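Chemist: how does the following fold in three dimensions:
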Amino acid sequence: MSETLRLNACRRLLPVLALSLSLMSCSGKPDASTLVMVIENSPTNLDPRVGLDASSERIDELIFDDLCTRDAHLNVKPGLADRWDVPDPLTYVFHLHAGVRFHDGRPLTSRDVKWTFDSLLQGKVRSTKAAAYHLVDHIDAPDDSTVVFHLKEPFATLLWNLAGGAVGIVPYGSGDEISRHPIGSGPFRFVSAEPDKEVIIERNDDYWGVKAHLPRVRFAVVPDSTTRALELRKGSADIAMTSLAADTVLTLERESNVEVLRGPGTVLGYLAFNTREPILKDPRVRQAVAYAIDRTAIIHYLFRDFARPAYSLLPPESWAYNADVPQYDHNPDRARQLLEQAGYPAVNGVRFHLTMKTSIDESPRLVAAVLQQQLREVGIVLDIRTFEFATFLSDVIRGAYDVHTLRWVGGNEDPDIFEYVFHSARFSPNGGNRTYYANPQVDVLIDQARREVNQNARKQIYAEIQRILADDLPYINLWYFDNVMVHTKRVQGLTLNPAGNYDFLRSASLIPQ
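Modeler: Residues are numbered from 1 along each chain as shown. Below is the predicted model:
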């Protein structure tokens, strides 16, 4: 496809907002005490031990506290644990902050921390997050303020897996009911939730840390991107975070009551293959798909350069990132050559069909449509199936797909993700290996890296893992999305961090109008 044709194809798929926006009249005055943030999907589960999707994890981070936190440079810092000691490689001793209480008034103690992780390790709650702690042998709570993690073997990424949205601490005895009425100790407390409509949280006036300024936040579920933009334009919504089409952002930027913040992000967009499917078992087919994709055109024309190319599951900001891996620049001739070698000649221009599943959200639908056109050039017919997000994610977890696109939000900021996503012991639903990729060499390297405490040695191991994955291609790493926040001018005190989470709601405030 020529560059002109690619441009026209992308433009046909972009929403035309200028006329729509001009027809909208301003709404009434917004609630002075409630910030309204429009989000794409309802959280699937607000139990921090269970919820895996971006909406769940980002809202959970406001309701629950973790033992540790992460700063803007992705370094682990104190959270509920003021400090920790490592007397030997198999023992981590955490000392809890004094005086912390849950939203219902109960004190938060070591018993609650122990219960949170025991409920995962002992299967009291069913969650793929348990896989991240399989090297924990047992947990002790010798007194109310001390928690001791005993490991089966050295586990270099334990601190990361206890930090910043990994698993928030729940009250002792909490079961499935917490998904319906979450009780945490964070800066906001849960008020209510209605699936496919909204989640409401309010300031925790008794918070042990720096208190939030906002009295109340309403997360309004608005699946349609154009509708989200219109809500911002008329002032019935205050914030949209990396959830609007690029052309929409450029249109809203011209509105007098709207501002745009933008910064590099770590959220990864990727294409995943079900390697159990007969056609997709062959790495040459997966490589051919990679060569057929013109990510530069998609980033430029579809995302208006609000993204950067990705060549690893890790972002460039990670200490373990390896840029020296095979890359697949757009090369349709090479794609056709690989497909011929794999035994798939074109018959009437068609080599085979693949089914791609995605959500009904606008951005992934647009990407899927462009990928469909690009793969058709090399003889691959991509049949697209769209679903409401929870149904789509359920199919992905069950392996009921050929190809899918999703995003890694936060989880890809530490190299421990390779174990969760690509180790053969982590096939879904026992982990995040939803491609069912199995490579004994990769398994050995991942196990070595998790035991190695010397960071330089670990970096070399992870560099080799990234090189092998770039050859085998169970994933095609497509792009890292910029963090793009569109907000009304009645909101102030906003900041962005690379992870693109909702931490800015801790410092934001509303200007009286």
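
Chemist: what residues does the longest helix along the chain touch?
Modeler: Counting by DSSP state H, the longest helix found in the chain is helix 455-472. With contacts defined as Cβ atoms under 8 Å, 6 or more residues apart in numbering, helix 455-472 is touched by 156, 283, 286, 311-314, 319-322, 324-327, 415, 418, 422, 437, 439, 441-442, 445-446, 448-449, 452, 475. Heads up, the C-betas are built off the backbone N, CA and C, glycines and all.

Chemist: change it to 6 Å
Modeler: Helix 455-472 has contacts (Cβ atoms under 6 Å, 6 or more residues apart in numbering) with 283, 312, 320, 322, 325-326, 415, 418, 442, 445, 448-449, 452.

Chemist: over to stretch 236-244?
Modeler: For stretch 236-244, contacts defined as Cβ under 6 Å, 6+ apart pick out 27, 35-38, 40, 225, 228-229, 231-232, 481, 483-488, 491, 500.

Chemist: let's see that with 8 Å instead.
Modeler: The contact list for stretch 236-244, computed with Cβ under 8 Å, 6+ apart, reads 27, 30, 35-40, 220, 222, 225, 228-229, 231-232, 252, 265, 267, 363, 481-488, 490-491, 494, 500, 502, 510.

Chemist: measure it end to end?
Modeler: Its first and final residues considered, stretch 236-244 spans 16 Å by Cα to Cα, to the nearest Å.

Chemist: could you do stretch 60-68 as well?
Modeler: End-to-end for stretch 60-68, by Cα to Cα: 15 Å.

Chemist: which parts of it are buried?
Modeler: Within stretch 60-68, the residues scored as buried using 16 or more other Cβ atoms under 10 Å are 60, 61, 62, 63, 64, 65, 66, 67, 68.

Chemist: ok, of the contacts of stretch 236-244, which come out buried?
Modeler: Buried by 16+ other Cβ under 10 Å: 30, 35-40, 220, 222, 225, 228-229, 231-232, 252, 265, 267, 363, 481-488, 490-491, 494, 500, 502, 510, out of these.

Chemist: among these, name the ones in strands.
Modeler: Counting by DSSP state E, the members of these that fall within strands are 35-39, 220, 481, 483-488, 491, 510.

Chemist: identify the farthest-apart pair in those.
Modeler: 481 and 510 (27.1 Å; Cβ to Cβ).

Chemist: my read: residue 482 touches residue 306, true?
Modeler: Yes - contact status for residue 482 versus residue 306: in contact at 4.5 Å, counting by Cβ atoms under 8 Å.

Chemist: burial count for residue 198?
Modeler: A count of nearby residues for residue 198, using other Cβ atoms under 10 Å, gives 17.

Chemist: which residues touch it?
Modeler: Each residue near residue 198 by Cβ under 8 Å, 6+ apart is listed here: 192, 218, 219, 220, 221.

Chemist: that one pairs with what?
Modeler: Note on residue 198: beta-bridge partners by DSSP bridges are residue 194, residue 220.

Chemist: swap in residue 239?
Modeler: For residue 239, the beta-bridge partners are residue 37, residue 487 (DSSP bridges).

Chemist: any idea how many residues pack against it?
Modeler: So residue 239, with other Cβ under 10 Å, has 24 neighbours.

Chemist: list only buried entries from the contacts of helix 455-472.
Modeler: Buried subset of the contacts of helix 455-472 (neighbour count, 16+ other Cβ under 10 Å): 283, 312, 320, 322, 325, 415, 418, 442, 445, 449, 452.

Chemist: redo those as JSON lines? Include distance to residue 44, secondary structure and pLDDT.
Modeler: Converted to JSON lines, the buried ones among the contacts of helix 455-472 look like this (distance: Cβ to Cβ, whole Å; DSSP: H, G, I helix; E, B strand; the rest coil; pLDDT from 0 to 100):
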{"residue": "283", "distance to residue 44": "32", "secondary structure": "helix", "pLDDT": "97"}
{"residue": "312", "distance to residue 44": "27", "secondary structure": "coil", "pLDDT": "96"}
{"residue": "320", "distance to residue 44": "29", "secondary structure": "coil", "pLDDT": "90"}
{"residue": "322", "distance to residue 44": "33", "secondary structure": "coil", "pLDDT": "95"}
{"residue": "325", "distance to residue 44": "33", "secondary structure": "coil", "pLDDT": "96"}
{"residue": "415", "distance to residue 44": "26", "secondary structure": "coil", "pLDDT": "89"}
{"residue": "418", "distance to residue 44": "24", "secondary structure": "helix", "pLDDT": "95"}
{"residue": "442", "distance to residue 44": "29", "secondary structure": "helix", "pLDDT": "98"}
{"residue": "445", "distance to residue 44": "32", "secondary structure": "helix", "pLDDT": "97"}
{"residue": "449", "distance to residue 44": "30", "secondary structure": "helix", "pLDDT": "91"}
{"residue": "452", "distance to residue 44": "35", "secondary structure": "coil", "pLDDT": "85"}
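
Chemist: how about the helices in the stretch 151-300 of the chain?
Modeler: Ranges of helices in the stretch 151-300 of the chain, per DSSP state H, counting those that start in this stretch, are 225-234, 246-252, 283-292, 295-297.

Chemist: can you spell out which helices and strands pack onto the helix or strand following the last one?
Modeler: What that stands for is helix 295-297. Remark: after helix 295-297, the chain's next helix or strand is strand 307-309, criterion DSSP states H and E. Here strand 307-309 touches strand 475-481, going by 3 or more Cβ pairs under 8 Å, 6 or more residues apart in numbering; DSSP states H and E.

Chemist: show me which residues of the strand it packs on are buried.
Modeler: Neighbour-count burial for strand 475-481 [16+ other Cβ under 10 Å]: 475, 476, 477, 478, 479, 480, 481.

Chemist: how about the contacts made by the fourth one?
Modeler: Okay, so that is residue 478. By Cβ under 8 Å, 6+ apart, residue 478 lies in contact with 268, 269, 270, 271, 293, 295, 298, 309, 310, 405.

Chemist: can you rerun that using 6 Å?
Modeler: 269, 270, 295, 310.

Chemist: residue most distant from the centroid, the chain?
Modeler: residue 348 (40.1 Å; Cα atoms, centre = their mean).

Chemist: quick one, what contacts the residue nearest the centre of the chain?
Modeler: Central residue of the chain (Cα atoms, centre = their mean): residue 409, 1.8 Å from the mean position. Residues counted as contacts of residue 409 (Cβ under 6 Å, 6+ apart) are 54, 267.

Chemist: so how far is residue 228 from it?
Modeler: From residue 409 across to residue 228, the span is 18 Å (Cβ to Cβ, to the nearest Å).

Chemist: what's the answer for residue 348, then?
Modeler: Distance, residue 348 to residue 228, using Cβ to Cβ: 42 Å.

Chemist: so which of the contacts of helix 455-472 would you say is closest to residue 393?
Modeler: residue 418 (21.3 Å).

Chemist: you'd agree that closest one is up against residue 448?
Modeler: No - applying Cβ atoms under 6 Å, one finds residue 418 not in contact with residue 448, separated by 11.4 Å.

Chemist: name the residues of the longest helix of the chain that are buried.
Modeler: Buried residues in helix 455-472, defined by neighbour count with 16+ other Cβ under 10 Å: 458, 459, 461, 462, 463, 464, 465, 466, 469, 470, 472.

Chemist: nearest to residue 400 among these?
Modeler: Sorting these by distance to residue 400 puts residue 472 at the head of the list, at 22.4 Å, by Cβ to Cβ.
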